[in-house]
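**Q** Sequence first, then the predicted structure, then my questions.
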Amino acid sequence: MNALDGGKLKVLVIEDNQHFRLLIRTVLQTLGIDDVLEAKDGGDALRQLQHYRADFVIVDWKMEPMDGIGFAHKLRRGADSPNPFLPIIMVTGYSEAALVAEARDAGVNEFLAKPISAKSLVGRITSVISAPRQFIHCEDYFGPDRRRRRLPFVGLDRRQTACDYLDGDDSGDDELS
């Protein structure tokens, strides 16, 4: 799996469709990732993460009773979050620009539209593991830096005045409140 050692990675797949969970698990296993746990919705996933130290999650958007966006919000900002820095890869059949922006604003690291390919999934995994984005904490947002490119910024840059950059090392040194 290129620069990644899949045999050392732990993944939680959050998907209500059993067939798609099997597909994701199969793709992960072909990449050498065998430590895969499954959850049927966001609430189930949050409970499992209390005892399972995943390296990243792959989450579907549309699930009941807690969907992928609700899961991202609870993971990023919930008082009892098991790991607010945990990378989130959202995989969904809904890929309209407004929905991608909603996922980004909920704190999702990477977005992947169904149907997926092994190559596209590997790209997202590589991104969250080998090239993670720095986390930002502002009054109205906590999650990976939403700016993917370093372009000149025109106007007042709120990140320089009202936000904290966090390293996301999960050591407990970064405060979220």
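**A** Perfect, I can see it now. Numbering: from 1, shown residues only.
**Q** which stretch of helix or strand covers Leu121?
**A** helix 118-130 (DSSP states H and E).
**Q** Same check on Arg21?
**A** helix 18-30.
**Q** Work out the gap between that helix and the centre of the chain.
**A** 17 Å (C-alpha atoms, centre = their mean, to the nearest Å).
**Q** go on, stretch 134-148?
**A** Relative to its chain's centre, stretch 134-148 lies at 13 Å (C-alpha atoms, centre = their mean).
**Q** ok, and for that stretch, which residues are buried?
**A** Residues 135-137, 141-144 are the ones in stretch 134-148 that count as buried (16 or more other C-beta atoms under 10 Å). Bear in mind the C-beta positions are built from the backbone N, C-alpha and C, glycine included.
**Q** Over to stretch 98-113?
**A** Applying 16+ other C-beta under 10 Å to stretch 98-113 flags 99-100, 103-104, 106-112 as buried.
**Q** Mark which of those are part of helices, please.
**A** For the buried residues of stretch 98-113, membership in helices holds for 99-100, 103-104, 106, with DSSP state H as the criterion.
**Q** now, which of those sits nearest Leu31?
**A** Relative to Leu31, the closest of those is Ala103; by C-beta to C-beta it sits at 23.3 Å.
**Q** Tell me who's in contact with that closest one.
**A** If you count contacts by C-beta atoms under 8 Å, 6 or more residues apart in numbering, Ala103 has them with 61, 68-69, 72, 90, 92, 111.
**Q** circling back: okay, buried residues for the helix holding Leu121 please.
**A** For helix 118-130, burial by neighbour count (16+ other C-beta under 10 Å) applies to 121-122, 124-125, 127-129.
**Q** Stretch 81-94 too?
**A** Those would be 81-82, 84-92, 94, for stretch 81-94 by 16+ other C-beta under 10 Å.
**Q** biggest separation within the residues you listed, which pair?
**A** Most distant of the buried residues of stretch 81-94, by C-beta to C-beta, are Pro82 and Tyr94, 26.3 Å apart.
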